[in-house]
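**Q** need a structure here:
(chains A and B)
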There are 2 protein chains.
Amino acid sequence: MRATLLGTGTSSGIPLIGCECAVCQSSDPRNRRRRTSIHIETDTVHIQVDTPPDFREQALAYRIPRVDAVFFTHAHADHIFGFDDIRRFNTMQKCVIPAYADAATLQDLKRIFDYITTEAIPGFYRPQIDFRTLTTEVQVGDVRIIPLPVTHGPKPTYGFCFEHHDKRLAYVPDCKTIPDATLSLLEGVDVMILDALRHSQHLTHMTVEESVAALQRIGAPQSYLVHLCHDLDHAALEASLPKGIGVSYDGQQIVLT
Amino acid sequence: MRATLLGTGTSSGIPLIGCECAVCQSSDPRNRRRRTSIHIETDTVHIQVDTPPDFREQALAYRIPRVDAVFFTHAHADHIFGFDDIRRFNTMQKCVIPAYADAATLQDLKRIFDYITTEAIPGFYRPQIDFRTLTTEVQVGDVRIIPLPVTHGPKPTYGFCFEHHDKRLAYVPDCKTIPDATLSLLEGVDVMILDALRHSQHLTHMTVEESVAALQRIGAPQSYLVHLCHDLDHAALEASLPKGIGVSYDGQQIVLT
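**A** Sure thing, here's the model as predicted:
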């Protein structure tokens, strides 16, 4: 199983438009972060998690060859507004693509992308989606996907654990707290990728310190911070972290064999 | 008055994801087209037309310093799904930003971006927009904006004519036919930018041939084709066009003095 981090930045991305700070002006490519999403693949299946507005640029930059299923963590702008570009994969693959999310997120997606479910208009090119309500774990090809409910403001929000053979990678990009029941699902995970917005407190995102504490409790052999804002310089942050915890970057690949 | 073409491609952009054609693989930067939008500025005002999913990348690439008003041509995916990134300009400018569109387009925008108009959620960062129904011409700073109704499938669709002192630039990115009443509004325009999807027929977009015929009828001293698909190579298309008609490209600037 291979994971590619297509984007690792918070909802505004880094650089922030019009920002002159050292991180936004940095020449370190790891400080350029599109909106957070991840692509999971095995030899037989490709799974896309979230479709940020940047999804087309991400698919081009990292040469995503196909999408067999889309999973949505939640319905915030930075995770959904590239959904229309899934239609290109419909065309290439000549098939409808399933999109999985909890009921409330699906309801938001259907409201926002109403043209996907309404009657076809001649000459109008749209995604062909099979919306599927995610209530428990599901199998897509040779990958088992376990939903991980977390808290992140009023909207229901999930991370996902991807299991392939005996390896497990968990991805929780937007999160303030991890309920105990979800922590139980994370026991023995091999790779853990977790929200860490900045050092100062935020109502709906973990700070670096909160994230590090949670990662140490989970105890995965490899852990990475994701969904960073421009308060955090890649190299400086990485140098400050405990052993086994790294900072994700756009285009990073994690291979589990 | 200065116009910057932030994007000049059709709804899929060029290159198309996963496409191996000569245009999508071209090394000519003019064959790389984000989704169509334009930024109009004078010494005192900045006007953004449409917010494609690529809007953040466009604002960064062409260093858009401010946005005093947004105008929407219509509510298709490739013209609206970057709207959330306007919030950065709210932060920088410390003010609400007006968004102008016809009533049906505003209704779509309010449905899709419902979180802009509903009650504020603590910790949730969103655009601050004053939605304004566009029924006739309006003044924004020292620019007069004249709506140009055109046909483009079932959704109401507009182009806009921007008038500053005695100069006029008209921008009609999505269009199958231009009604006579709109042609009258285009009389004496200095720069005309018009939809030209490809050579083969399309139900809701002009072909190159239809666009050239319309541009010759309008008779602007400078005309440009926009909203191109990957059937069209920039250099080859430009070489084939009548005098006075060019092919737009991402980042192109047109100055009217």
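**Q** and the strands in the stretch 51-200 of chain A, which stretches?
**A** In chain order, the stretch 51-200 of chain A shows strands spanning A:69-71, A:97-101, A:129-133, A:138-140, A:143-150, A:157-164, A:167-172, A:191-195, with DSSP state E, counting those that start in this stretch as the criterion.
**Q** going by neighbour count, which residues of stretch A:138-146 are buried?
**A** A:138, A:140, A:143, A:145, A:146 (16 or more other C-beta atoms under 10 Å in any protein chain shown). In short, each C-beta sits where N, CA and C put it, glycine included.
**Q** same check, this time on stretch A:89-101
**A** Going by neighbour count (16+ other C-beta under 10 Å), the buried part of stretch A:89-101 is A:89, A:90, A:91, A:93, A:97, A:98, A:99, A:100, A:101.
**Q** from chain B, how far out is the spatially most central residue of chain A?
**A** With distances taken as C-alpha atoms, centre = their mean, residue A:37 lies nearest the centre of chain A, 3.4 Å away. Going from residue A:37 to chain B by C-beta to the nearest C-beta, to the nearest Å gives 13 Å.
**Q** for residue A:238, helix, strand, or coil?
**A** Put simply, residue A:238 is helix when judged by DSSP: H, G, I helix; E, B strand; the rest coil.
**Q** list phi and psi for the residue nearest to it when sequence neighbours are not counted.
**A** Distances taken as C-beta to C-beta, 6 or more residues apart in numbering or on different chains place residue A:247 nearest to residue A:238, at 4.6 Å, with adjacent residues excluded. Note on residue A:247: its backbone torsions stand at phi -110, psi 130 [degrees, to the nearest 10].
**Q** could you pull up the contacting residues of residue A:247?
**A** Residue A:247 is in contact with A:30, A:224, A:225, A:228, A:232, A:234, A:237, A:238, A:241, counting by C-beta atoms under 8 Å, 6 or more residues apart in numbering or on different chains.
**Q** can you lay out the strands of the stretch 51-200 of chain A as CSV showing mean pLDDT?
**A** Shown next, in CSV, are the strands of the stretch 51-200 of chain A (pLDDT from 0 to 100):
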stretch, mean pLDDT
strand A:69-71, 98
strand A:97-101, 98
strand A:129-133, 98
strand A:138-140, 98
strand A:143-150, 98
strand A:157-164, 98
strand A:167-172, 98
strand A:191-195, 98
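**Q** reformat the ones you listed as a markdown table; add distance to chain B.
**A** Written out in a markdown table, the entries for the strands of the stretch 51-200 of chain A read as follows (distance: least, C-beta to the nearest C-beta, whole Å):
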| stretch | distance to chain B |
| --- | --- |
| strand A:69-71 | 14 |
| strand A:97-101 | 13 |
| strand A:129-133 | 13 |
| strand A:138-140 | 20 |
| strand A:143-150 | 15 |
| strand A:157-164 | 13 |
| strand A:167-172 | 18 |
| strand A:191-195 | 13 |
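**Q** closest one to residue A:20 among those?
**A** When these are compared by C-beta to C-beta, strand A:191-195 sits nearest residue A:20, at 26.3 Å.
**Q** residues of that closest one that come out buried?
**A** Residues A:191, A:192, A:193, A:194, A:195 are the ones in strand A:191-195 that count as buried (16+ other C-beta under 10 Å).
**Q** direction included, what does it pair up with?
**A** Counting by DSSP bridges, the strands paired with strand A:191-195 are strand A:167-172 (parallel), strand A:222-226 (parallel).
**Q** got the contact list for the last one?
**A** Contacts with strand A:222-226, where a contact means C-beta under 8 Å, 6+ apart, come from A:5, A:8, A:36, A:171, A:173, A:190-196, A:208, A:211-212, A:215, A:237, A:241, A:244-248, A:252, A:254.
**Q** now do the buried residues in that strand.
**A** Under 16+ other C-beta under 10 Å, the buried positions of strand A:222-226 are A:223, A:224, A:225, A:226.
**Q** with the residues you listed in mind, which one is nearest to residue B:219?
**A** Comparing those against residue B:219 with C-beta to C-beta places residue A:226 closest, at 54.7 Å.
**Q** now render the strands paired with strand A:191-195 as JSON lines, adding distance to residue A:77.
**A** Shown next, in JSON lines, are the strands paired with strand A:191-195 (distance: least, C-beta to C-beta, whole Å):
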{"stretch": "strand A:167-172", "distance to residue A:77": "19"}
{"stretch": "strand A:222-226", "distance to residue A:77": "17"}
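**Q** near chain B, which residues of the stretch 101-250 of chain A?
**A** Applying C-beta under 8 Å from any C-beta of the partner chain, we find that the stretch 101-250 of chain A lies next to chain B at A:111-115, A:121-125, A:153-154, A:202-204.
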